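A.B. asks: Output the structure for:
(4 chains)
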Protein chains: 4
Amino acid sequence: MCRFVSYIGKDPLLIGDLLIRPENSLIKQSKNATKDQYKLNADGFGVAWYDHAVSNKPAIFKSIKPAWNDNNLIHLSNIVKSKCFIAHIRASTIGDVAERNCHPFLYKEYTMVHNGNIDNFNDIRRLLYVQLSDEFFLSIKGNTDSECLFFLIMEYVHAGSGMSLAAATRKAFKWIIEAQKAQGKDDYSRLNIVISNGDEIISTRFVTKGNKAFSLSYSIENDNSLVISSEPLDDHFAEWSDVPVNHYIRAEKDLKNIEINSLEDILG
Amino acid sequence: MCRFVSYIGKDPLLIGDLLIRPENSLIKQSKNATKDQYKLNADGFGVAWYDHAVSNKPAIFKSIKPAWNDNNLIHLSNIVKSKCFIAHIRASTIGDVAERNCHPFLYKEYTMVHNGNIDNFNDIRRLLYVQLSDEFFLSIKGNTDSECLFFLIMEYVHAGSGMSLAAATRKAFKWIIEAQKAQGKDDYSRLNIVISNGDEIISTRFVTKGNKAFSLSYSIENDNSLVISSEPLDDHFAEWSDVPVNHYIRAEKDLKNIEINSLEDILG
Amino acid sequence: MCRFVSYIGKDPLLIGDLLIRPENSLIKQSKNATKDQYKLNADGFGVAWYDHAVSNKPAIFKSIKPAWNDNNLIHLSNIVKSKCFIAHIRASTIGDVAERNCHPFLYKEYTMVHNGNIDNFNDIRRLLYVQLSDEFFLSIKGNTDSECLFFLIMEYVHAGSGMSLAAATRKAFKWIIEAQKAQGKDDYSRLNIVISNGDEIISTRFVTKGNKAFSLSYSIENDNSLVISSEPLDDHFAEWSDVPVNHYIRAEKDLKNIEINSLEDILG
Amino acid sequence: MCRFVSYIGKDPLLIGDLLIRPENSLIKQSKNATKDQYKLNADGFGVAWYDHAVSNKPAIFKSIKPAWNDNNLIHLSNIVKSKCFIAHIRASTIGDVAERNCHPFLYKEYTMVHNGNIDNFNDIRRLLYVQLSDEFFLSIKGNTDSECLFFLIMEYVHAGSGMSLAAATRKAFKWIIEAQKAQGKDDYSRLNIVISNGDEIISTRFVTKGNKAFSLSYSIENDNSLVISSEPLDDHFAEWSDVPVNHYIRAEKDLKNIEINSLEDILG
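C.D. replies: Predicted coordinates:
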């Protein structure tokens, strides 16, 4: 299973403060996962970060080297500060090891990472393609389930008069669950994602009925920052809480309202 | 534009004898193209070679490094001999620079390289996907026009009671031309390919009406071997001939019949 | 021959404003050099940038992909602003194509790039190693002449009570010229470098007698910034001047005094 | 700690028969080491193979990708047969993760891999360089202890009227032990290597006093082949034996005499 960590805050944070320094930092997790341990996370990584003073689009750095070996990542993490960033380390399930299969995925100012998988995704791949307008269908560059999920959310965000990120995410999850059900094969989905446009961030902890959800933790510091991580980074942050199963956490960059909302209705 | 070279012969040939040694070897072409010079060929390369004593499937070595910098390629070329191999150096037009967009493409014992492009391919991408059964639709790993063309040929080779490689290639070309025509936009196609299953090899020189064909040359030595190349390698081989525009050359591994046949009828 | 560009200014500049945007940007130069054209610059690249608000050490991003193909470089260049950065694109002469042979080289807060070469460097490699204390001898990771030159300068900067960057550079150049002379073989040196610690920047245009110097240009805008480049970037900057042969240009980050000083005395 | 496997036999063996197929194949070991488990072996790999019908020099394929992710390695392993090959998977101790730090190292027809390390090697690096003539000093491309050991052996093999591979290996080990002793710091060495010129193969299991030796196993099949491995591959081969600590095993390609000789005298 993959690992991710994300940050949104009033003050810029050094990327290395989450990726490198903590006892249980993302890079250390990539070699020694402590929760939900499936396998080694050595199938590439990526980090997206926003700097709204320069651009509303994030920069993305991806590589298929193991994260702990990548000098460029270490350097970057030690000098780049950002008010909003998302990092991901991959243990491949669907899709080969290739830079374009590394998360985060990017569309304009939007970026997303995923931990989990859509069981037997290839059974519904064609159906999903049909949902996408050319703009998004032709943006697909790799062959993961995660990238397709991202562009389905993008489709809903941009279609017609537009849809909020939360509503689009909810609609995309629902579409996937329904499409899987229609196959009549009891396929499950584990959809722990972080998606952001730099102004707001949403992270879901979602699994279809009867399956074990992957972990998802968050930490709020002085109403100034929110860290969301696939597992607690360490005791550096005052307190870690679990996002309840089949809920999502959402915050905007002013950190005024941090909501936790249910996704149970999607399960039907 | 890309470059390719291929060999089929009764005796195994050292790969380096075509890739490295000639004055105008494929690797030298990648830095200094002399015909149809579009741009530098530094967007990756690949080589497929057969050894029927071991397997009916070819091995493939691909990399996104410039070919002249790749020590692995140099080593390989200096020790591997084969009775049938195909090498390709890429100058990207459609599809990012990524290992999975490098040629040759592979399916079971079949492998293909392409020099040219299908104009406005994204206009017909969805239509082509519909032609493919799941087996081939789900085999697509990159986002080039070339890979899609390959799997369309594979579809025809394997569908129903099967089709010869030449017939399937012809049918795929025809499908593409027709699909482009149906868009009503005067899109052109340049389809110089080499496709092989290790037993036979076919190479096309094809372009739609009113457009200039890319070059395609071949050299036959003592009825023992056939070399097909996007441009003559040098004066090492006794004689180079051009494959006529809108024709293909075909040989089997016994080199008994080397045919050159017309593809003009496809143009309608 | 290699290419480089560097910036020091009162205001942070987007890295892409020198690497990507200009008509004759560093990335475009890597494919189409217009001055002193030797060969393609496709043997790797690197960029070092300072952000003194975070660290006195620069970050470095290096890759052996051709610069124009590297999505990470494009992303980085479009979001990172810095008051001092140096970028380099390599056409290998001495030393293989490998990330560790890419410039800039790094030691603590110091970083350096080089365009040119030290003729028959291997004749003096052992002698140079002897000049280095263990700290610097053991810091050598690749096998280029450029990296050795860098650590020789570092040796002089840090030895005893220390030496200014300009004095250390001068002393290192002198050592190399003398060592070459002692071989009695008329070996030449072309030493166009940029070296910086983030507070000051020095760039030399140096060649031994009877040899043609590589180009080196600079542009000053409103006493606010200095750009130094292996060739003029384009007409975007009001005016480009040549650094005279066997001189160096030096500036500090307040841009108060921009000096151009002679290196003629080194030639003896 | 690193892993290696090597083969010499009368009949060519498919490389994949040792690297991929066995229960405990080298590639599987790279993810899950069962003996002497130090850490993950994901810091690059390499394989050298001989084909004397083509050249007396081996080909080498190296990459810094994790071995289990490298499609090129998988393809190669599935088609290349050889009468003599050596493969290595690296867990870096000394020297960065870089292609040039990957084993096997190569000089003309000689190639070597190493599992273990020379404690505080940098204390004796300069001394070792002094032992090397320019030919070998200038051949060093990376910064590992292993590569230096290889060129020290090469020095002895080629110096004067030449020395057998076994004698040169013995002399190089002795030089290292003496040089370490002279530092007065109780530094240890673990020197499990395989070295070959394609005609003969030598593999050592060596450790200085008071330290635990790394494992080294071999398997002989019908006097036709010898497999040497850092740990038994599985029960596929009839029988695995341990090379005794501070001994080496040596065979020639006719497999007539397989010797196991002591290295105890080196320890003094």
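A.B. asks: alpha carbons only for contacts and neighbour counts from here, please
C.D. replies: Fine.
A.B. asks: ends of stretch A:180-187, how far apart?
C.D. replies: Using C-alpha to C-alpha, to the nearest Å, the end-to-end distance of stretch A:180-187 comes to 6 Å.
A.B. asks: next one: stretch A:240-258
C.D. replies: 15 Å.
A.B. asks: ok, residues contacting whichever strand in chain A runs longest?
C.D. replies: The longest strand of chain A (DSSP state E) is strand A:3-14. With contact meaning C-alpha atoms under 8 Å, 6 or more residues apart in numbering or on different chains, strand A:3-14 is reached by A:18-19, A:26, A:29-30, A:41, A:77-90, A:113-115, A:194, A:201, A:224-231, A:252-255.
A.B. asks: Neighbour count says what about these? Which are buried?
C.D. replies: Buried by 16 or more other C-alpha atoms under 10 Å in any protein chain shown: A:18-19, A:26, A:29-30, A:41, A:77-90, A:113-115, A:194, A:201, A:225-231, A:252-253, A:255, out of these.
A.B. asks: filter these down to the ones near chain D?
C.D. replies: Filtering the buried ones among the contacts of strand A:3-14 for proximity to chain D by C-alpha under 8 Å from any C-alpha of the partner chain leaves nothing.
A.B. asks: Among the residues you listed, name the ones in helices.
C.D. replies: Within these, residues falling in helices by DSSP state H are A:L18, A:L19, A:L26, A:Q29, A:S30, A:S77, A:N78, A:I79.
A.B. asks: and the gap between the fourth one and A:H103?
C.D. replies: A:Q29 sits 16 Å away from A:H103, going by C-alpha to C-alpha.
A.B. asks: What strands line up against the longest strand of chain A, and which way round?
C.D. replies: strand A:81-89 (antiparallel), strand A:225-229 (antiparallel) (DSSP bridges).
A.B. asks: Now tabulate those in JSON lines and tack on mean pLDDT.
C.D. replies: Shown next, in JSON lines, are the strands paired with strand A:3-14 (pLDDT from 0 to 100):
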{"stretch": "strand A:81-89", "mean pLDDT": "96"}
{"stretch": "strand A:225-229", "mean pLDDT": "96"}
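A.B. asks: Using CSV, lay out these together with distance to C:K171.
C.D. replies: Listed next are the strands paired with strand A:3-14 as CSV, based on distance: least, C-alpha to C-alpha, whole Å:
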stretch, distance to C:K171
strand A:81-89, 38
strand A:225-229, 51
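A.B. asks: Next, see if stretch A:132-144 gets close to chain B.
C.D. replies: Yes - using C-alpha under 8 Å from any C-alpha, we find that stretch A:132-144 touches chain B at A:L138, A:I140, A:K141, A:G142, A:N143.
A.B. asks: what distance separates that stretch from the centre of its chain?
C.D. replies: From the chain centre to the centre of stretch A:132-144 is a distance of 18 Å (C-alpha atoms, centre = their mean, to the nearest Å).
A.B. asks: now for that stretch, what's the gap between its first and last residues?
C.D. replies: End-to-end distance of stretch A:132-144 (C-alpha to C-alpha): 16 Å.
A.B. asks: likewise stretch A:152-169?
C.D. replies: Using C-alpha to C-alpha, the two ends of stretch A:152-169 sit 9 Å apart.
A.B. asks: What residues sit buried inside that stretch?
C.D. replies: For stretch A:152-169, a neighbour-count test (16+ other C-alpha under 10 Å) marks A:L152, A:I153, A:M154, A:E155, A:Y156, A:V157, A:M163, A:L165, A:A166, A:A168, A:T169 as buried.
A.B. asks: ok, now how distant is the residue in the stretch 151-268 of chain A that chain C sits nearest to from chain D?
C.D. replies: For the stretch 151-268 of chain A, the residue closest to chain C is A:G198, as judged by C-alpha to the nearest C-alpha, at 13.6 Å. Distance, A:G198 to chain D, using C-alpha to the nearest C-alpha, to the nearest Å: 32 Å.
A.B. asks: and that residue, that one's in a strand?
C.D. replies: No - counting by DSSP: H, G, I helix; E, B strand; the rest coil, A:G198 falls outside a strand, being coil.
A.B. asks: Can you name the residues that contact A:E109?
C.D. replies: Counting by C-alpha under 8 Å, 6+ apart, A:E109 touches A:N56, A:K57, A:P58, A:N197, A:G198.
A.B. asks: Phi, psi for A:D145 please.
C.D. replies: Dihedral pair for A:D145: phi -70, psi -40, per degrees, to the nearest 10.
A.B. asks: Surely it and A:N117 touch.
C.D. replies: Yes - when contacts are counted by C-alpha atoms under 8 Å, A:D145 is listed as touching A:N117 (7.0 Å).
A.B. asks: any idea where the strands of the stretch 101-250 of chain A begin and end?
C.D. replies: A:105-107, A:110-115, A:192-196, A:200-205, A:217-221, A:225-229, A:241-242, A:247-252 (DSSP state E, counting those that start in this stretch).
A.B. asks: Nearest to C:G210, out of those?
C.D. replies: Judged by C-alpha to C-alpha, the one of those that comes nearest to C:G210 is strand A:105-107, at 53.6 Å.
A.B. asks: Name the residues of the closest one that come out as buried.
C.D. replies: For strand A:105-107, burial by neighbour count (16+ other C-alpha under 10 Å) applies to A:F105, A:L106.
A.B. asks: Equivalent analysis for stretch A:134-150, please.
C.D. replies: A:136-138, A:140-150.
A.B. asks: which stretches of the stretch 101-250 of chain A have low pLDDT?
C.D. replies: Scanning the stretch 101-250 of chain A for pLDDT under 70 picks out A:235-238.
A.B. asks: Smallest gap between it and chain C, at which residue?
C.D. replies: Of all residues in the stretch 101-250 of chain A, A:L106 sits closest to chain C, at 11.3 Å by C-alpha to the nearest C-alpha.
A.B. asks: can you tell me which residues contact that residue?
C.D. replies: A:L106 makes contact with A:M112, according to C-alpha under 8 Å, 6+ apart.
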